[in-house]
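Engineer: no sequence for this one, just the structure:
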């Protein structure tokens with residue numbers, strides 16, 4: 001009988017202790033798997049979110065968009081950027097606050113995103129908005145808008161309905177008349193937060209909603225390169241040294257330095273604690289099992305089992321416990337990650353489409369490597385016990401006892 005078969009028989013003979021060990025490893029392994037998903041989850045999710053629309057360079061007036069500084073003369077700037085040989089298209093984005101009228105309740109606040117595309121390529125001049133249409137079609141004229149799913153549900157409207165709003169493009173205190181727009185589609189806005197409501201349309205539609213008070217500034221200019229985002233960003237910086245042009249990877253790097261480091265540190269600490277607990281748990285279980293079978297092991301040695309054979313039996317027993325628990329930990333970890341992700345995404349200011357836990361093949365490989373190391377380290381002390389076991393003394397103590 002080989003070492004694995006012998007170790008499996010030993011585990012079957014002690015079902016309660018074996019089940020306890022496997023469940024313990026499964027719980028610890030699930031937490032370990034989640035911490036590995038968390039370590040890079042936000043970075044991977046943010047990168048996917050930025051790459052989703054095909055815009056690979058972002059131009060703003062500050063290092064990070066959303067600082068309040070706007071790109072001056074945005075349409076002229078976008079025209080100049082679009083004429084660069086490395087640029088395929090540019091999209092100007094301007095945001096304003098708005099109040100949406102409701103018949104049975106007071107108005108609620110929303111964000112109105114106005115966009116305008118610029119390109120020297122006829123194929124690239126077609127409007128490619130930073131949102132994704134779920135139902136209906138995209139807004140194409142000054143009298144059309146798209147709304148988010150939450151607003152459509154609350155207002156009980158769909159494509160073809162009308163919505164009345166008041167936009168504020170200069171100051172929140174300005175009093176503007178009501179403007180009616182036709183809702184032509186329901187869209188997903190990738191950077192919309194959980195409790196935020198968003199309306200999207202052309203820059204002309206935003207200008208109409210603001211009563212013609214929109215200046216020529218913009219919050220952001222999205223750029224699609226012709227293949228080399230780094231080259232495009234360099235060309236834009238050479239064109240306008242006062243602006244901040246960054247590729248999606250550079251934006252993620254900046255955000256990682258300013259905000260995502262915290263989650264990686266938390267993940268590293270919890271991973272260390274989790275692995276330590278797993279090693280302690282398996283070491284205790286194997287040590288108790290070996291101590292209860294010292295007489296049996298001594299008898300096997302007397303019958304001709306070599307020292308290496310009994311050591312391998314202990315190692316295989318550890319591998320079976322950790323391996324079984326590790327396989328069980330994967331579905332448990334995914335279920336736990338889904339629940340934790342929903343909880344963390346409820347924090348204010350977190351985009352709905354952003355995820356804290358993202359599956360990566362690299363995380364699965366590291367998870368397997370850590371569990372393998374756990375099985376080996378946890379078996380070291382029990383392996384030392386059986387390798388140095390005095391056969392004659394143990395058998396005499398077993399008989400006397």
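Structural biologist: That came through fine. All figures in this text were calculated on a predicted structure; none of them were measured in a lab.

Engineer: contacts, neighbours, all on C-alpha from now
Structural biologist: Fine.

Engineer: Surely residue 42 is in contact with residue 353?
Structural biologist: No: under the contact definition of Cα atoms under 8 Å, residue 42 does not touch residue 353, with a separation of 10.9 Å.

Engineer: Would you confirm that residue 298 contacts residue 397?
Structural biologist: No: proximity of residue 298 to residue 397 does not meet the contact threshold set by Cα under 8 Å, at 10.8 Å.

Engineer: Have a look at those two and say which one is more surrounded.
Structural biologist: When residue 298 and residue 397 are compared for neighbours, residue 298 comes out ahead with 21 against 10, by other Cα atoms under 10 Å.

Engineer: which other helices and strands contact whatever helix or strand that one lives in?
Structural biologist: Under the criterion DSSP states H and E, the helix or strand holding residue 298 is helix 294-302. When contacts are defined as 3 or more Cα pairs under 8 Å, 6 or more residues apart in numbering; DSSP states H and E, helix 294-302 sits against helix 307-345, helix 391-400.

Engineer: hey, which helix or strand in this structure has the poorest pLDDT?
Structural biologist: Each helix and strand of the chain was given a mean pLDDT (mean pLDDT, DSSP states H and E); the minimum falls on helix 391-400 at a mean of 72.

Engineer: got the angle for that one vs helix 294-302?
Structural biologist: With axes from the mean of the first three to the mean of the last three Cα atoms, to 10 degrees defining the directions, helix 391-400 sits at 140 degrees from helix 294-302.

Engineer: residues of the one helix or strand residue 276 maps to that come out buried?
Structural biologist: For residue 276, the element it lies in under DSSP H and E is helix 261-292. Applying a neighbour-count criterion of 16 or more other Cα atoms under 10 Å, one finds 263-264, 267-268, 270-271, 274-275, 277-279, 281-287, 289-290 buried in helix 261-292.

Engineer: chain center to that helix: distance?
Structural biologist: Distance of helix 261-292 from the chain centroid (Cα atoms, centre = their mean, to the nearest Å) equals 25 Å.

Engineer: quick one: average pLDDT of that helix?
Structural biologist: In this model, helix 261-292 has an average pLDDT of 80.

Engineer: same for that helix, what does it pack against?
Structural biologist: With contacts defined as 3+ Cα pairs under 8 Å, 6+ apart, the secondary structure elements packing on helix 261-292 are helix 15-51, helix 307-345, helix 361-387.

Engineer: returning to what we had before: what does the least confident helix or strand of the chain rub up against?
Structural biologist: 294-295, 298-299, 301-302 (Cα atoms under 8 Å, 6 or more residues apart in numbering).

Engineer: Secondary structure element holding the spatially closest residue to residue 98 that is not a sequence neighbour?
Structural biologist: Leaving aside its sequence neighbours, residue 98 sits nearest to residue 167 (Cα to Cα, 6 or more residues apart in numbering; 4.0 Å). Remark: residue 167 resides in strand 162-168, with elements defined by DSSP H and E.

Engineer: Of all the residues in that strand, which ones are buried?
Structural biologist: Of the residues in strand 162-168, 163, 165-168 count as buried by neighbour count, 16+ other Cα under 10 Å.

Engineer: Now do the helix holding residue 298 against helix 361-387, angle only.
Structural biologist: 80 degrees.

Engineer: And helix 294-302, what's buried?
Structural biologist: Judged by neighbour count (16+ other Cα under 10 Å), helix 294-302 contains these buried residues: 294-295, 297-301.

Engineer: Report the separation between the closest residue to residue 198 other than its chain neighbours and residue 291.
Structural biologist: Counting by Cα to Cα, 6+ apart, the nearest residue to residue 198 once its immediate chain neighbours are dropped is residue 111, at 4.7 Å. Computed with Cα to Cα, to the nearest Å, the distance linking residue 111 and residue 291 is 68 Å.

Engineer: what's the answer for residue 341, then?
Structural biologist: 43 Å.

Engineer: From the chain's centroid, how far away is stretch 238-246?
Structural biologist: Mean-position distance between stretch 238-246 and its chain equals 30 Å (Cα atoms, centre = their mean).

Engineer: what's it in contact with?
Structural biologist: Stretch 238-246 is contacted by residues 57-63, 71, 81, 233-234, 236-237 when judged by Cα under 8 Å, 6+ apart.

Engineer: Off-centre distance for stretch 140-159?
Structural biologist: Here the centre of mass of C-alpha atoms in stretch 140-159, compared against the chain's by Cα atoms, centre = their mean, lies 28 Å away.

Engineer: What residues of it count as buried?
Structural biologist: By neighbour count, with 16+ other Cα under 10 Å as the criterion, the buried positions of stretch 140-159 are 140, 142-152, 157-159.

Engineer: cool, stretch 305-322 as well?
Structural biologist: Neighbour-count burial for stretch 305-322, counted by 16+ other Cα under 10 Å, picks out 307, 309-322.

Engineer: Looking at the residues you listed, which is nearest residue 130?
Structural biologist: Distances from those to residue 130 were compared by Cα to Cα; the smallest belongs to residue 322, at 46.3 Å.
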